[in-house]
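[1] Sequence plus the predicted model coming up.
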Amino acid sequence: MHSESTAYSHVIDDSDHTDPSLSQKSWHHTRTGWPVGILSAAILSFLIFLLNFLFTVITVAKQGYAADGRQTLYDGACSETRTLNVGVHVLINVFSTALLGASNYAMQCLVAPTRGELDKTHVKGGWMDVGVLSLRNLRGVGRRKVVLWGLLGVTSLPLHLFYNSVIFSSIAANEYQIFTVNPAFVAGSFNYTDPYCGGEDAATTLGNCSGKRLHTLANANNGSLQRLSPADCITAYGQNFVTDRNTLLLVVNTTSNPRDSSPAAILQMTASQNEEAGCNRPNEKYPWICQQDGSSCRSKDYTPCESRLDAIKANASGWQPFEADYPVLYCLSETVPEHCKLQFSFQLGIIVTVLNLAKVIIFAYLVLSGLNTPLMTVGDAIASFLDRPDAATEGMSLLAKDDVVKGKSGNWTHNPVYRAERRRWFAAASKTRWIVCISMYIAALSTCAALLIHFIPYIQSLSHLSTRALLNLGLGAVTPLTFILWNIPSRGVSGLMSNVLVANTPQLILSLLYFTLNGLATAMYNAYEWSRYARARKGLRVSTPRGEQRSTYFLSLPYRVAMPLMAASGVLHWLVSQSLFLVVIEGYAFRESDGDDGGRLRHDVYNDQMTCGWSPVGILCTVLVGVALVGWVLVLGLRRFGTGMPVAGGCSVAIAAACHGAGGEEEAALKRVQWGVTGVKNGGLAQCGFSAGSVEEPQDGVLYK
């Protein structure tokens, strides 16, 4: 226990009397360590804001404001669009990671306690965390720091939801017409009747097709259609979304029927790839390739074409598609320019730019106002308590974090008898932190696994694909089989915003999971660093080193741990982005036009589709990596510390209790120190603590003050 009145008389307020949070004076006295970090964060966030602002203004000024808020940055080949999309999103993730990292650094500075805040908290019987990002500390730091911390958090969360979707790609899905013709149509003269195109005179533009146009395209002398073998034809049109082709002529073998072998005959017209095949299944995109009976698509035991495509290609020489009375000799395919797009959302761009500006203002305020020197690391706290011991913890040299947590209102009781038992790393973090972290991970991973178990059989019932075939679809594959059908807008600004929120919500959850896991790892490695002072003499690891002190790790984690953990987080974010993602499909339909061309493909907004897709293999990989991370932190918790030194675990009271052993040593914090039995006596009993002088190893079962 401690005396509140005695402890209070020793409190030295290192801040102004109104709010110990911010101080102009402390900034000007410190030009290294965390102040440089805050200044760097301000400069970095301003540069990113400038790029975001200029890009938004230039894009809108160049292309104007679109009704749906979507400006087209690139319109062309799908392969080029994919490459640009990957490159742009790498850059976006660099920017977003930089902003979030800068915010995280500033938030940890804001929540890190000053010595004055620790003294006041100890007097009231409380304690604070040192060296980790802690919500507990919000109760003990100044009010302005709490507000700034909250503003940084609020401006960070939407970045997870919107930044990656500011620029996105869309797929062009072409509607195409299918005609069955005989070989004479390709080579014959232009003099015939065309019953399937709606008129008797083939030289006239007829409805949605023109005999003259088709004949010109297909003519052997000057035709512009690409000739494909049956197998290549099946491959080219057996796609969920045909992006580079339009009209298709199936040239069939009619030698067995003289009537159908007459010159220049169009034997059959299928108006579209889906509708006329009698198939109303939303996931069936090319039933005409496989169907020989138009009614079979409606039957319950119908096997979708996608699962039969390989078998049909293996026997392509006898391929006889929907309503074709003869085997296909070859195909003539009209190639068209691709219209895959890289697009920019004006609304999302504005949101991200405004949030970015808010961060710039907050960082600028911190730079101009400054912070009282926070104790960023456990080494900072040890140095402070060695320079000026904490009266509230005098005579409690063996106090551990568990003793403080169990105590109430400063009634910190502990066993003064030293026990040499080496505790496990689990003890470094509180039970609450462990329960919250593991429970969140279990809930998230269980949800992913449950969705996978539920929806894979459902998709298999529609597609007849094996589990292996579904996994072979790949990461982020855009296929109608995995489109999410729900009652939310699918067009316009509302459709984009709704689907972006759904697609990116897991990113936000993942970031929260990462911070909890990072907090656990930081707490355990802080405790590991603490325990090593009982084995060897070392300089304190502080944020601004002097004398024999050592520089700290970035945010208290060793680089050999922090770098792989950040890499694993990056991999998880990418896997999640490939597990649930925004899907934008622009429909191009065949429309009539003036002249002899008969018609052409045009963008039809009524055929557009906007939704979210999911990837079975993406979710599976996400679950596996998530389980590996949880397994890693649990295995880490099973390790034992090298000594029986009481585990402080970043608890300010436990740290302060171990810093009374230096006695009258001058500038002990600037020298190499070690924890053990010092020469200082307290009430006739030897005392344990940090000292720059010689120390002895405490003995098991011996009483220490």
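    Structure's in. What do you need? Residues are numbered from 1 along each chain as shown.
[2] Quick one: neighbours of residue 237, just the number.
    For residue 237, the neighbour count with other Cβ atoms under 10 Å is 21. Where C-beta positions appear, they are placed from N, C-alpha and C, glycine not excepted.
[3] so it sits right up against residue 286, yeah?
    Yes. Counting by Cβ atoms under 8 Å, residue 237 does reach residue 286; the two are 6.2 Å apart.
[4] and residue 174, what are its bridge partners?
    residue 588 (DSSP bridges).
[5] give the contact list for residue 341.
    Contacts for residue 341 (Cβ atoms under 8 Å, 6 or more residues apart in numbering) come out as 72-75, 81, 169-170, 172, 586.
[6] For residue 319, see how far away it is.
    Computed as Cβ to Cβ, to the nearest Å, the residue 341 to residue 319 distance reads 34 Å.
[7] Report the residue spans of the stretch 351-500 of the chain with pLDDT below the cut-off.
    408-410, 460-466 (pLDDT under 70).
[8] one step back: any chance of the contacts of residue 341 in CSV, with neighbour count too?
    Supplementary listing: these in CSV, determined by neighbours: other Cβ atoms under 10 Å:
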residue, neighbour count
72, 14
73, 19
74, 15
75, 16
81, 24
169, 22
170, 24
172, 23
586, 22
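[9] Between these, which sits nearest residue 121?
    residue 169 (52.0 Å; Cβ to Cβ).
[10] which residues of the stretch 51-200 of the chain score low on pLDDT?
    Across the stretch 51-200 of the chain (using pLDDT under 70), the flagged ranges come out as 67, 188-200.
[11] got the residue ranges for the strands in it?
    For the stretch 51-200 of the chain, the strands defined by DSSP state E, counting those that start in this stretch cover 70-76, 167-174, 178-181.
[12] now do the stretch 601-705 of the chain
    Remark: strands assigned in the stretch 601-705 of the chain by DSSP E, counting those that start in this stretch are 609-614, 672-682, 685-691.
[13] Closest to the centroid, which residue in the chain?
    residue 573 (3.1 Å; Cα atoms, centre = their mean).
[14] Is it correct that that one falls within a helix?
    Yes. If the criterion is DSSP: H, G, I helix; E, B strand; the rest coil, then residue 573 is within a helix.
[15] what's near enough to touch it?
    Here residue 573 is in contact with 93, 507, 510-511 (criterion: Cβ under 8 Å, 6+ apart).
[16] relative to strand 609-614, how tilted is the longest helix seen in the chain?
    In the chain, taking DSSP state H as the definition, the longest helix is helix 492-532. Put simply, helix 492-532 runs at 30 degrees to strand 609-614, going by axes from the mean of the first three to the mean of the last three Cα atoms, to 10 degrees.
[17] elements contacting helix 492-532?
    helix 143-162, helix 346-369, helix 378-387, helix 431-463, helix 559-579, strand 580-591, strand 609-614, helix 616-638 (3 or more Cβ pairs under 8 Å, 6 or more residues apart in numbering; DSSP states H and E).
[18] Could you identify which of the ones you listed is most buried?
    Highest mean neighbour count of the helices and strands packed on helix 492-532: helix 378-387, a mean of 26 (counted as mean count of other Cβ atoms under 10 Å).
[19] After it, which helix or strand is next?
    helix 401-406 (DSSP states H and E).
[20] which residues touch that following helix?
    Identification of contacts with helix 401-406 by Cβ under 8 Å, 6+ apart yields 127, 412-414, 427-428, 430, 647-651, 653-654.
[21] Mind checking which of these are in helices?
    Using DSSP H, 653-654 are the members of those that sit in helices.
[22] With neighbour count and distance to residue 326 added, can I get the contacts of helix 401-406 in a markdown table?
    Shown next, in a markdown table, are those (neighbours: other Cβ atoms under 10 Å; distance: Cβ to Cβ, whole Å):
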| residue | neighbour count | distance to residue 326 |
| --- | --- | --- |
| 127 | 28 | 86 |
| 412 | 24 | 93 |
| 413 | 12 | 95 |
| 414 | 18 | 93 |
| 427 | 20 | 80 |
| 428 | 30 | 77 |
| 430 | 18 | 77 |
| 647 | 22 | 83 |
| 648 | 27 | 85 |
| 649 | 28 | 80 |
| 650 | 28 | 80 |
| 651 | 25 | 84 |
| 653 | 28 | 89 |
| 654 | 27 | 87 |
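[23] Pick the one among the contacts of helix 401-406 closest to residue 103.
    For the contacts of helix 401-406, the nearest to residue 103 is residue 650 (21.5 Å; Cβ to Cβ).
[24] what's the distance between that closest one and residue 404?
    Residue 650 is 11 Å from residue 404, by Cβ to Cβ.
[25] what's the answer for residue 494, then?
    Going from residue 494 to residue 404 by Cβ to Cβ gives 52 Å.
[26] Between these two, which is the more surrounded one?
    Of the pair residue 494 and residue 404, residue 404 is the one with more neighbours under other Cβ under 10 Å, namely 24 against 13.
[27] contacting residues around the residue nearest to the more buried one when sequence neighbours are not counted?
    In space, and not counting its chain neighbours, residue 404 is closest to residue 653: 4.7 Å by Cβ to Cβ, 6 or more residues apart in numbering. Listed by Cβ under 8 Å, 6+ apart, the contact partners of residue 653 are 122, 127, 392-393, 399, 404, 412.
[28] let's go with 7 Å and repeat that
    The contact partners of residue 653, taken as Cβ atoms under 7 Å, 6 or more residues apart in numbering, are 122, 127, 393, 399, 404, 412.
[29] can you check residue 110 too?
    So residue 110 contacts 145, 148-149 (Cβ under 7 Å, 6+ apart).
[30] which among those residues gets closest to residue 437?
    Taking Cβ to Cβ as the measure, residue 437 lies nearest residue 149 of the contacts of residue 110, at 20.6 Å.
[31] re earlier: give me the average confidence score over the following helix or strand past the longest helix of the chain.
    Following helix 492-532 in sequence order, the next helix or strand is strand 538-539 (DSSP H and E). For strand 538-539, the mean pLDDT works out to 91.
[32] measure residue 616 to residue 442 for me?
    Residue 616 is 21 Å from residue 442, by Cβ to Cβ.
[33] Next: residue 116.
    For residue 116 relative to residue 442 (Cβ to Cβ), the value is 40 Å.
[34] How much space separates residue 469 from residue 454?
    As judged by Cβ to Cβ, residue 469 and residue 454 stand 18 Å apart.
[35] How about residue 305?
    25 Å.
[36] One more: residue 353?
    40 Å.
[37] what does residue 537 give?
    59 Å.
[38] And residue 114, by the same measure?
    The value you get for residue 114 to residue 454, if Cβ to Cβ is used, is 52 Å.
[39] go on, residue 424?
    Taking Cβ to Cβ as the measure, residue 424 falls 38 Å from residue 454.
[40] Please apply the same query to residue 377.
    46 Å.
[41] For residue 56, which residues are in contact?
    Going by Cβ under 7 Å, 6+ apart, residue 56 touches 349-350, 353.
[42] What of residue 656?
    For residue 656, the contacting residues are 122, 385, 390, 393, by Cβ under 7 Å, 6+ apart.
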